[in-house]
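Chemist: Predicted model and sequence follow; I will ask about them next.
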Amino acid sequence: MRREASQEPKFLTDSMHGKLSHWLRMLGYDTLYYPRDDDEILKKASEEGRIVLTSDTELHRRILSRGGASILLPLNKTETHLSRIAAYVKENYGTPYEEFLKVKFKRCSLCNGPLQQATSSRWRCETCGQEFWVGGHWRNISGILARVKELVNGLGKD
Ligand SMILES: [Zn+2]
C-alpha cells in the first residue's frame, strides 16, 4: 500500500475494538467499526486503504503478508491502545503526539459522519444529527488523553 505524507491515516476496528473507534473519531480520524470475519476485514481494509486495528495475531499477520497495514493491539486499556496508535502515526505519517491526541470535533464518535459547527461550543453530526459539546464528561476524556500523553512521552526514554 502506498502512503503519501499529506494523507491522513484511516482506520478499521474489528469486533473487539468498538470503543476504540469512538476515541479515534473524537481525535478526528476516519474510523470504520467493522465486526465481520477476517476475509471481509481483509477485503474492506484493502479496498479503502484502512489500517486495521486488531488483537488477533493471525489476522494481523495475514494483513501484513498481503502488503496491508495493521497495528496489533494488546488486550489492554484504551490508553495503551491509543499510545500504540499515536506511535505508529508519528512514525508513518509524521504527526506529532500533541497533534494526534487533540480532540478535533471533525467526526461523529457514534457514526463516523462529518461534524458541522452549530454554535461556538456545539457541533452537530451531518449524518445522524447527534450533537456534541464540551461538558461535564470532558474531565474524564481529558484525563484519559493526559495519561496517553504520559505513556507516549515515556516511549523514547529508558
Ligand atoms: Zn453521527
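Modeler: Arrived safely. Numbering: from 1, shown residues only.
Chemist: Which strands or helices does the helix or strand residue 91 falls within pack on?
Modeler: Using DSSP states H and E, residue 91 sits within helix 78-93. Contact here means 3 or more Cβ pairs under 8 Å, 6 or more residues apart in numbering; DSSP states H and E; on that basis helix 78-93 packs against helix 18-26, strand 51-54, strand 70-72, helix 97-100, helix 138-153. In short, each C-beta sits where N, CA and C put it, glycine included.
Chemist: looking at those, which is buried most?
Modeler: Across those, the average number of neighbours (mean count of other Cβ atoms under 10 Å) peaks for strand 51-54, which reaches a mean of 25.
Chemist: got a list of contacts for that strand?
Modeler: 9-14, 16-17, 20, 41, 45, 59-60, 63, 68-73, 81, 85, 88 (Cβ atoms under 8 Å, 6 or more residues apart in numbering).
Chemist: List buried members of those by neighbour count.
Modeler: Buried members of the contacts of strand 51-54, counted by 16 or more other Cβ atoms under 10 Å: 9-14, 17, 20, 41, 45, 59-60, 63, 68-73, 81, 85, 88.
Chemist: Write out the residues of this structure neighbouring the ion.
Modeler: 108, 110-111, 113, 125, 127-128, 130 (Cβ under 5 Å from the ion).
Chemist: What's the ChimeraX line that selects buried ones from the residues you listed?
Modeler: To isolate in ChimeraX the members of the residues of the chain next to the ion that are buried, counting by 16+ other Cβ under 10 Å, one can use:
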select :108,113,125
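Chemist: Out of the residues of the chain next to the ion, flag the one nearest to residue 144.
Modeler: Set against residue 144, the nearest of the residues of the chain next to the ion by Cβ to Cβ is residue 110 (17.9 Å).
Chemist: which SS class is that closest one?
Modeler: Secondary structure state of residue 110, per DSSP: H, G, I helix; E, B strand; the rest coil, is coil.
Chemist: Please give me every residue in contact with it.
Modeler: 22, 125, 128, 130.
Chemist: Touching, the third one and residue 111? I think so.
Modeler: Yes. Contact status for residue 128 versus residue 111: in contact at 4.6 Å, counting by Cβ atoms under 8 Å.
Chemist: mean confidence for stretch 119-130?
Modeler: Across stretch 119-130, pLDDT averages out at 95.
Chemist: Need the residues that contact that stretch.
Modeler: Contacts for stretch 119-130 (Cβ under 8 Å, 6+ apart): 105, 108, 110-118, 131-134.
Chemist: next one: stretch 69-85
Modeler: 1, 3, 11, 16-17, 19-20, 23-24, 45, 50-55, 57, 59-60, 63-64, 88, 92, 100-101, 144-145, 147-148, 151-152, 155.
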